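S.K.: The following comprises the amino acid sequence and a computationally predicted model.
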Amino acid sequence: MQESSTGHQPAWSSWHKGLMALIGSVIGVISLQSYTDPDLWGHLRFGLDAIASGTITKLDPYSYLSQGHPWINHEWLMEVFMGVAWLAGGERGLILLRLIVYMATLGIILWWLARVKQLSFIPAVIVWLSVFIATVAFGWVVRPQIFTFLLFTITLIIIDRAEHGHYRGLWFMPLIIATWVNLHGGFLAGCGVLGVWTIAHLAFNRQSWRQVIPPVALSALATLANPYGWDLLRFLLETATGDRPEIADWTPLALRSSLGLVYLAIMGMALLSLHFSTLPRRPILIGLFFLVAIMPLVAVRHLPLMGIAFAIFASEHVGIGWQQIVRHQRDVPIPRQIQVLPVVLAVLVALGGVLTFNWRFASGMDMPYNAMVLLRESGFRGRLMNDFGWGQFLIWHLGPAVQVGMDGRRETVYPHRVYEQYLDFHAGVNDWEAILRYQPPDAILVLRDSPPANLLTLHPDWQPIFTDEFSVLFVNPSSAAAQTIIQRAQTFVPLKEVPVFP
């Protein structure tokens, strides 16, 4: 197939469409794999609570350290979606929810590359696979972040079209923001990019203010369309700018890592394509890409956003760069009788993947299942200090009769002073016992051989009552509530095989 002088082509051949269908089937099957993450149990519990009560709980009933502190649950709408999916189909429903949102994101990007930017087949595949590789590790878990991938993609498309003079799409932004603000805090990234684009665009196109200012202003007002109003924005702006070294997703991207190599590969393609491209380089769009490209260096969780920005803002230059490499290469004619082969293989791969997938979550993190069973069977009702990564697992199985000391909601529900005390306890530094004195727990469940586990083993007030390969449960013998645990532990037999979810 001959390409035009701009490097674009009007349509792909049947062979190319079939190959893309096959690639899409393989990606879909790979995307079926689903892992648990520490917040999965909590998101589901809170969503089911909201469905049952018909309201959004603003005072947390699950922790003894959050009493009297407002709960700003900025992901409540995603949790409701998860609750509906669970009620409709259990694990299968949750996996399908994640798969639909994630594949919709990839589908929109493929449409953008093939139909709007009209990239030829190979550069389109290169860019699309780059997005997939940048997002897949983050898309295997049912988290509110998957909606940020989708809505960030749509936002960048609207910005790209507006930069080319097509402003009508900006009127969709208030609705997008009003929805996004209730799904995930990632709406701040979308608002930030939209705000930077607005300022830069108006600086060079002052006459377009009538088309730009009204929808953007309404988009800013739409951030208040949440149950907490301005308090949500104030809270997120405070927490988004703070360090979270205890959370892997919030650490800077390590360039000497597999994800670092993905980052460098995408950045390298972008730089080379921009260097060799003969298309006009729109400074604002290129600047926005590099702005988003800085974000993973602050927090690794932003790598998918960089991949998406690469596809939306830089892909046409990749197409031109590819043309420069293969300008004298012509397509090899494909016999008609085998052109249907990729489509047949695509169907077989998709059917095989769906029929052989067990529709169960794989373990993304070890949870203290046997310790939880011991607590449940003992009839324990009281205060349990715990590793924060296990908090929402314990809430799902034991709450609210057992109130946890900490969980992954962190600043959304716990006072800042309490969270700081917990970090000292978690690391075994400074006055690590302060949180235990503030509101004394009846039992403590922490990671085996962790700093608090080692310190508690030497502490006269705490007695280890149960230990397995990765957790240890301590009780305070003077606690009347803990006596039930001590009695049950004498005859408790741990399970050798434990379920992953729920």
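M.R.: That came through fine.

S.K.: longest single helix anywhere in this structure?
M.R.: Longest helix in the chain, counting residues (DSSP state H): helix 76-111.

S.K.: which other helices and strands contact the next helix or strand after it?
M.R.: Sequence-wise, the next helix or strand downstream of helix 76-111 (DSSP states H and E) is helix 121-139. Here helix 121-139 touches helix 14-32, helix 76-111, helix 145-163, helix 258-276, helix 303-309, helix 315-325, going by 3 or more Cβ pairs under 8 Å, 6 or more residues apart in numbering; DSSP states H and E. To be clear about C-beta, it is placed using only N, CA and C from the backbone, and glycine gets the same treatment.

S.K.: Highest mean neighbour count out of these?
M.R.: Among the helices and strands packed on helix 121-139, ranked by average contacts under mean count of other Cβ atoms under 10 Å, first place goes to helix 303-309 (a mean of 27).

S.K.: now that one: mean pLDDT?
M.R.: Mean per-residue pLDDT for helix 303-309: 97.

S.K.: List of residues touching that helix?
M.R.: Contact partners of helix 303-309, identified using Cβ atoms under 8 Å, 6 or more residues apart in numbering, comprise 105, 109, 130-131, 133-135, 138-139, 145, 148-149, 152-153, 156, 186, 189, 253, 259, 262-263, 266, 288-289, 292-293, 295-296.

S.K.: do you know how far the spatially most central residue of the chain is from residue 184?
M.R.: A centroid search over the chain (Cα atoms, centre = their mean) returns residue 145, at 3.1 Å, as the residue closest to the centre. Computed as Cβ to Cβ, to the nearest Å, the residue 145 to residue 184 distance reads 6 Å.

S.K.: sec struct for residue 41, please.
M.R.: helix (DSSP: H, G, I helix; E, B strand; the rest coil).

S.K.: so what's it up against?
M.R.: With contact set as Cβ under 8 Å, 6+ apart, residue 41 has these partners: 392-393, 395-397, 501-502.

S.K.: 6 Å instead?
M.R.: 392-393, 396 (Cβ atoms under 6 Å, 6 or more residues apart in numbering).

S.K.: among those residues, which are in helices?
M.R.: 392-393, 396.

S.K.: If you rank those by neighbours, which is first?
M.R.: Neighbour counts for the ones in helices among the contacts of residue 41 (other Cβ atoms under 10 Å) peak at residue 393, which has 28 neighbours.

S.K.: What's the local residue count around the residue nearest to residue 223 when sequence neighbours are not counted?
M.R.: Excluding the flanking residues, the one nearest residue 223 by Cβ to Cβ, 6 or more residues apart in numbering is residue 181, at 5.3 Å. Residue 181: 25 surrounding residues under other Cβ under 10 Å.

S.K.: Distance check, residue 181 against residue 484.
M.R.: 44 Å.

S.K.: number of nearby residues for residue 415?
M.R.: That count, for residue 415 with other Cβ under 10 Å as the rule, works out to 15.

S.K.: Neighbours of the closest residue to it other than its chain neighbours, how many?
M.R.: Nearest residue to residue 415, sequence neighbours excluded (Cβ to Cβ, 6+ apart): residue 69, at 5.0 Å. The local packing of residue 69 (other Cβ under 10 Å) involves 16 other residues.

S.K.: is it true that residue 69 touches residue 417?
M.R.: No. Taking Cβ atoms under 6 Å as the definition, residue 69 is not a contact partner of residue 417, at 10.2 Å.

S.K.: Just to check, residue 435 is in contact with residue 423?
M.R.: No. Assessed by Cβ under 6 Å, residue 435 is found out of contact with residue 423, at 9.3 Å.

S.K.: Look at the two and report which has more neighbours.
M.R.: Comparing residue 435 with residue 423 by neighbour count (other Cβ under 10 Å), the higher total belongs to residue 435, at 25 against 19.

S.K.: Surely the more buried one is within a strand?
M.R.: No. Per three-state DSSP, residue 435 lies outside any strand segment and is helix.

S.K.: How about the contacts made by it?
M.R.: Residue 435 touches 421-422, 425, counting by Cβ under 6 Å, 6+ apart.

S.K.: and the gap between it and residue 368?
M.R.: Using Cβ to Cβ, residue 435 is found at 19 Å from residue 368.

S.K.: And for residue 90?
M.R.: Here the criterion is Cβ to Cβ. By it, residue 90 lies 23 Å from residue 368.

S.K.: Tell me the secondary structure at residue 165.
M.R.: Under three-state DSSP, residue 165 comes out as coil.

S.K.: Run through the residues that contact it.
M.R.: Residues in contact with residue 165 (Cβ under 6 Å, 6+ apart): none are found.

S.K.: ok, now how distant is it from residue 77?
M.R.: Here residue 165 is placed at a distance of 34 Å from residue 77 (Cβ to Cβ).

S.K.: mind listing what the residue nearest to residue 66 when sequence neighbours are not counted touches?
M.R.: Distances taken as Cβ to Cβ, 6+ apart place residue 60 nearest to residue 66, at 4.3 Å, with adjacent residues excluded. With contact set as Cβ under 6 Å, 6+ apart, residue 60 has these partners: 66, 71, 413.

S.K.: who's in contact with residue 300?
M.R.: Applying Cβ under 6 Å, 6+ apart, the residues near residue 300 are residue 253.

S.K.: Format the CA atom coordinates belonging to the least confident helix or strand in the chain by mean pLDDT as PDB.
M.R.: One helix or strand of the chain scores below all others by mean pLDDT, DSSP states H and E: helix 315-325, with a mean of 83. Provided in PDB are the C-alpha atoms of helix 315-325 (Å, rounded to 0.1, in the frame of the first residue of the first chain):
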ATOM      1  CA  SER A 315       2.300   9.700  17.700                       C
ATOM      2  CA  GLU A 316       2.000  11.500  14.400                       C
ATOM      3  CA  HIS A 317       5.700  12.400  14.600                       C
ATOM      4  CA  VAL A 318       6.400   8.700  15.100                       C
ATOM      5  CA  GLY A 319       4.500   8.000  11.900                       C
ATOM      6  CA  ILE A 320       6.700  10.500  10.000                       C
ATOM      7  CA  GLY A 321       9.800   9.100  11.600                       C
ATOM      8  CA  TRP A 322       8.900   5.600  10.400                       C
ATOM      9  CA  GLN A 323       8.400   6.900   6.900                       C
ATOM     10  CA  GLN A 324      11.900   8.400   6.900                       C
ATOM     11  CA  ILE A 325      13.300   4.900   7.800                       C
END
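
S.K.: Show me the domain layout of this structure.
M.R.: As recorded under automatic domain parsing, the domains making up the chain are 14-336, 369-489.
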